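>>> Sequence and predicted structure below; questions after.
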Protein chains: 2
Amino acid sequence: MPETKVKKDEDFNEWYNEIVELADLCDKRYPIKGMNVWRPYGWELMSHVDSLIRIELRKTHHQEVCFPLCIPEDLFQKEADHIEGFGKEVYWITHAGHTPLEKRWLLRPTSETAMYPVFSLWIRSHADLPLKTFQIVNTFRYETKQTRAFIRVREIHFFEAHTCHVDFEDAERQVQEDKEIAKSLLQKLSLPFIFCKRPEWDKFAGAYYTLSIDVLMPSGRTLQLGSIHQYKDNFSKPYEITYENEDGGHNHCHQTTYGMSERILGAIIGVHGDNKGLVLPPEVAPLQVVIIPIIFKGKEAGIHEACTKIYNELIDQGLRVHLDDRDISPGSKYYDWELKGVPLRIELGPRDLQQGQMVIACRDTSEKLFVPLTDATQQVNQHLTDMAHRLYQKAQNLLDENMHMVDTIDEAKTLKGIIQLPWCGTDQCALDIEEILDGNTLGEPITQDQNIASHSCPVCNKEAVAWMRYAKTY
Amino acid sequence: MPETKVKKDEDFNEWYNEIVELADLCDKRYPIKGMNVWRPYGWELMSHVDSLIRIELRKTHHQEVCFPLCIPEDLFQKEADHIEGFGKEVYWITHAGHTPLEKRWLLRPTSETAMYPVFSLWIRSHADLPLKTFQIVNTFRYETKQTRAFIRVREIHFFEAHTCHVDFEDAERQVQEDKEIAKSLLQKLSLPFIFCKRPEWDKFAGAYYTLSIDVLMPSGRTLQLGSIHQYKDNFSKPYEITYENEDGGHNHCHQTTYGMSERILGAIIGVHGDNKGLVLPPEVAPLQVVIIPIIFKGKEAGIHEACTKIYNELIDQGLRVHLDDRDISPGSKYYDWELKGVPLRIELGPRDLQQGQMVIACRDTSEKLFVPLTDATQQVNQHLTDMAHRLYQKAQNLLDENMHMVDTIDEAKTLKGIIQLPWCGTDQCALDIEEILDGNTLGEPITQDQNIASHSCPVCNKEAVAWMRYAKTY
């Protein structure tokens, strides 16, 4: 079988770039760097991820909305930290036709400042709460670092859930719900991940606290797929989002947001792919099964009919199936569909047909199984489920092998992946470690370690108050 | 039953504004005029329309893509007529963060100039043709006229299909296919319409010819929902979209586009709505059926169970159903759901239950029908189908009554709606008629009248070469 020019375990980053292009996911030749063209296959994959997101968010009673892209400068400037954080990376619109705008607009980098003035109109009383909304849109950030398809782009496809609550506790319950949504969603994509409570100096601009959702890529770097923010009343005060409580008084809402971006695709490609191409989780694969008739020298012998029968049976079950009857060799077809990451390939030749069986080849293991023709649907469903489990387990093993809890910097220096070290609570000590390890602070684990006080900070030797995680990041 | 403050037949435009707001479709209070917030109910309605569009375009082998929003100024300027047409109505981005851009970008008003440089990379040989793509995105136009929800906005939700072909004839076949798609789509929305071949002086900037898709609103004005354009090689020449033909030579592609906007919602609201609110075509109604238990003084008597049974039965059939068990009067519920345009209401009270029947009330006729409980699904499906037919027929009658074919301006002046007059082929004569009738030229009918030469132009009296249509427009 042909393989990628660059091998995944030799040069992960180059392998990633090659795969993205070969598999027709996006076209990076658009003349604005970091604003890529979604090709049909990539966009369909993303759309299936979006569908899963919609299911999770609807199930938890979020309502889908769509807010304007452009935000007037004065709205944007109401929350001081937010301007500080985003001011340098937004795009500015200054003219409409030949007319200069009275005040500039910016393209949303995220939609707090577009939504919250409107939320303040929508929310009148406690009966309007909780307000749970989301939108799936493109956002815009002026990235100055090197761009990379799906991982670091300037036009970013993402979902953002925004909620308003009567008090901090109810907002905390929302954070818990968001954590469950993230688990459920990423489970379906066979992507194990960790939550980290981002450090104070690197939380979202305007948040009270931020939980990051990080995946470990095979390169040993982590990729932050998204985050969950508790805003407290940090935004509701400047944007005047208040409600009348049961006693007739007025309170400020407490708010949360939860967002994840097209980086989910980056993780799917990077974590699951191999030297033959993509390996797609069955839940989101644009095609779940491809059927290849094995016909030699035109000796058809009822093969096409038998393949069509299987095709119809699987389609009727709601599966996404393609019957590849192109007039090229089976080997060329295998190559194409392996590159595209189709989870299962069914092969059917004259001898199989005689014996009342077909071959199922699994994309991740290359294993070939002989299966009775009468049992096609059940076998396909079973193998799709099994493959999703295998992908998850393989990724979990990678994560487990690369999560290290150590006490000293000397040990940390010898390790790859996510390093967990005791931390005294002082920003500077963590920043020193970042520099020594040439990595970034991911944040604290979200479950507390009761015995942390028996450890000491590897920089200042003071008693530790928490574990802190570091990694090289994308 | 409560009704709108403004009556539809007294002041259509005000009635329209009132309905849009009362039915929670969008919020016009966003601080940029013409950039409105899609509220959940409006966005869901739009999403169902988008789904129908996707079905039609996939069925005809169009592939969905997503191109960047921002277009560099130099790409935009390659096709001279296109700049001329759109230059005055685009928004300009000049800065990324604090850095001025080397060359300005604009927000897409439509995506020809973003797509075609990339198409020129995708298309190599005749085997790559036809290329049939579409995207569903928001576009941006600086409207200086008065804005109106869904009808004249500055951020516009729309789909755009772009195709490339080996020659003019194949592009012509695409235009025919697009016409069939428009018919099929608008049939499902119970919206009869007319095609007009737009006059030379008012066709799409860069097109060889443009067909408009116009609906008649009850105000007597027409609303152009979209258009189909034959570009010939007008864009493929400046954007260098060529292919290698079978003889090894290189030809320019011929291209078409087809697009329709959120004005479809404007038409649904305007054509079908009444003084009680929206009347939604069953295919796209966010809720197709609402079930209302009729419970007096808490005497439940199994009503809720019976309603749940109907609910489950209809949900299992894939229908969009809501069981409204709020603790308010049935009358208030009727009011809410009539406003929202839910096609069918099921009422079930103790006497109905005793008699093994339920009531189906149709939103458009207010007719109430007694139906056996055992026959719920079939009856509901039948009444949804019947309602769609009735809505179509009513709209067709409106269109027929307001399409006038006359020979003189004196006759034309007395009429409302779409006026068809003989035309000599001279721009100025049509422009004179526009002024006299205080309307716009819609264009020629797309089917030719063999006897047109027996008529003469009502302005210059010369022999007519075609009929020409005029109307007041939105």
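Yep, that arrived.

>>> Only C-alpha atoms from now on, for both contacts and neighbour counts.
OK.

>>> what does the lowest-mean-pLDDT helix or strand in chain A rub up against?
Every helix and strand in chain A was compared by mean pLDDT, DSSP states H and E; the lowest is helix A:80-86, with a mean of 77. Counting by Cα atoms under 8 Å, 6 or more residues apart in numbering or on different chains, helix A:80-86 makes contact with A:Phe76, A:Gln77, A:Pro109, A:Phe204, A:Ala205, A:Gly206, all of which sit outside it.

>>> Could you tell me which residues of chain A lie near chain B?
A:29-32, A:35-40, A:43-44, A:63-68, A:72, A:87-98, A:118, A:142, A:155 (Cα under 8 Å from any Cα of the partner chain).

>>> again, only this time at 6 Å
A:35, A:37-40, A:63-68, A:88-93, A:95-97 (Cα under 6 Å from any Cα of the partner chain).

>>> Report the separation between the residue of the stretch 351-474 of chain A found nearest chain B and A:Leu225.
Closest residue of the stretch 351-474 of chain A to chain B, Cα to the nearest Cα: A:Tyr474 (21.6 Å). In this view, A:Tyr474 and A:Leu225 are 10 Å apart by Cα to Cα, to the nearest Å.

>>> ok, longest helix in chain A?
Taking DSSP state H as the assignment, the helix of chain A that covers the most residues is helix A:376-401.

>>> Of all the residues in that helix, which ones are buried?
For helix A:376-401, the neighbour count (16 or more other Cα atoms under 10 Å in any protein chain shown) marks A:376-377, A:380-381, A:383-384, A:387-389, A:391-392, A:394-396, A:398-399 as buried.

>>> Show me the shaky parts of chain A.
Across chain A, the ranges flagged by pLDDT under 70 are A:1-2, A:298-299.

>>> again, only this time at 80
Across chain A, the ranges flagged by pLDDT under 80 are A:1-2, A:79-85, A:296-301.

>>> domains for it, by residue range?
A:12-272, A:289-384, A:403-471 (automatic domain parsing).

>>> Would you map the helices across the stretch 201-350 of chain A?
Using DSSP state H, counting those that start in this stretch, the helices of the stretch 201-350 of chain A run over A:263-267, A:303-316, A:330-339, A:350-354.

>>> is it possible to export those helices to JSON lines including mean neighbour count and distance to B:Ala114?
JSON lines is the format used below for these (neighbours: other Cα atoms under 10 Å in any protein chain shown; distance: least, Cα to Cα, whole Å):
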{"stretch": "helix A:263-267", "mean neighbour count": "22", "distance to B:Ala114": "24"}
{"stretch": "helix A:303-316", "mean neighbour count": "17", "distance to B:Ala114": "36"}
{"stretch": "helix A:330-339", "mean neighbour count": "19", "distance to B:Ala114": "28"}
{"stretch": "helix A:350-354", "mean neighbour count": "15", "distance to B:Ala114": "49"}
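
>>> Please name whichever of the ones you listed is nearest to B:Ile213.
The closest of the helices of the stretch 201-350 of chain A to B:Ile213 is helix A:303-316. By Cα to Cα, the value is 35.6 Å.

>>> Give me the distance between that closest one and the centre of its chain.
Relative to its chain's centre, helix A:303-316 lies at 34 Å (Cα atoms, centre = their mean, to the nearest Å).

>>> and that helix with helix A:376-401, angle?
For helix A:303-316 against helix A:376-401, the angle by axes from the mean of the first three to the mean of the last three Cα atoms, to 10 degrees is 70 degrees.

>>> Drop anything exposed from the residues of chain A next to chain B.
Listed as buried from the residues of chain A next to chain B are A:35, A:37-40, A:63-68, A:89-93, A:95-97; burial here means 16+ other Cα under 10 Å.

>>> Let's see which of the residues you listed end up in helices.
If you go by DSSP H, these have A:Pro40 in helices.

>>> Return the subset of the buried ones among the residues of chain A next to chain B lying in strands.
Among these, the members falling in strands (DSSP state E) are A:Val37, A:Trp38, A:Gln63, A:Glu64, A:Tyr91, A:Trp92, A:Ile93, A:His95, A:Ala96.

>>> For the closest residue to the fourth one other than its chain neighbours, which residues are in contact?
Taking Cα to Cα, 6 or more residues apart in numbering or on different chains as the measure, A:Glu64 lies nearest to A:Phe134, with 5.0 Å between them; neighbours along the chain are not counted. With contact set as Cα atoms under 6 Å, 6 or more residues apart in numbering or on different chains, A:Phe134 has these partners: A:Glu64, A:Glu160, A:Ala161, A:His162.

>>> what's the closest of these to B:Ala430?
Proximity of the contacts of A:Phe134 to B:Ala430 (Cα to Cα) peaks at A:Glu64, which lies at 46.3 Å.

>>> Can you get me a residue count around the residue lying closest to A:Ile269 once chain neighbours are set aside?
Once flanking residues are discounted, A:Ile269 sits nearest to A:Leu278: 6.0 Å by Cα to Cα, 6+ apart. If you count neighbours by other Cα atoms under 10 Å in any protein chain shown, A:Leu278 ends up with 27.

>>> what's the answer for A:Phe168, then?
Using other Cα under 10 Å, A:Phe168 has 18 other residues around it.

>>> residues touching it, list them.
By Cα under 6 Å, 6+ apart, the contact list for A:Phe168 reads A:His254.

>>> what does A:Lys340 give?
Per Cα under 6 Å, 6+ apart, neighbours of A:Lys340: A:Ala23, A:Leu278.

>>> Okay, it and chain B: tell me how far apart.
16 Å (Cα to the nearest Cα, to the nearest Å).

>>> Against A:Gly42, how distant is that residue?
Separation of A:Lys340 from A:Gly42 (Cα to Cα): 10 Å.

>>> can you check A:Ser219 too?
Distance of A:Ser219 to A:Gly42, given as Cα to Cα: 23 Å.

>>> Between the two, point out the one with more neighbours.
More neighbours surround A:Gly42 than the other of A:Ser219 and A:Gly42, with 22 against 18 (other Cα under 10 Å).

>>> quick one, phi/psi of whichever residue of the stretch 101-250 of chain A sits closest to chain B?
Residue of the stretch 101-250 of chain A nearest chain B, by Cα to the nearest Cα: A:Tyr142 (6.0 Å). The phi/psi pair for A:Tyr142 (degrees, to the nearest 10) reads phi -80, psi 90.

>>> Contacts only, for the residue of the stretch 251-400 of chain A found nearest chain B.
Closest to chain B within the stretch 251-400 of chain A is A:Pro286: 12.5 Å, counting by Cα to the nearest Cα. Residues in contact with A:Pro286, defined by Cα under 6 Å, 6+ apart, are A:Leu45.

>>> Could you measure from it over to A:Gln63?
26 Å.

>>> And A:Val137, by the same measure?
Between A:Val137 and A:Gln63 the distance is 14 Å, computed by Cα to Cα.

>>> okay, now A:Glu169: neighbour count?
12.

>>> In terms of helices and strands, where is it?
Following DSSP states H and E, one finds A:Glu169 within helix A:168-188.

>>> Just want the angle from that helix to helix A:376-401.
Angle of helix A:168-188 versus helix A:376-401, following the same axes, to 10 degrees, is 120 degrees.

>>> partner strands of the next helix or strand after helix A:168-188, parallel or antiparallel?
Moving toward the C-terminus from helix A:168-188, the first helix or strand encountered (DSSP H and E) is strand A:194-197. Sheet pairing of strand A:194-197 (DSSP bridges) gives strand A:209-216 (antiparallel), strand A:440-445 (antiparallel).

>>> Mean neighbour count added to those, as a markdown table?
Output for the strands paired with strand A:194-197, formatted as a markdown table (neighbours: other Cα atoms under 10 Å in any protein chain shown):
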| stretch | mean neighbour count |
| --- | --- |
| strand A:209-216 | 25 |
| strand A:440-445 | 22 |
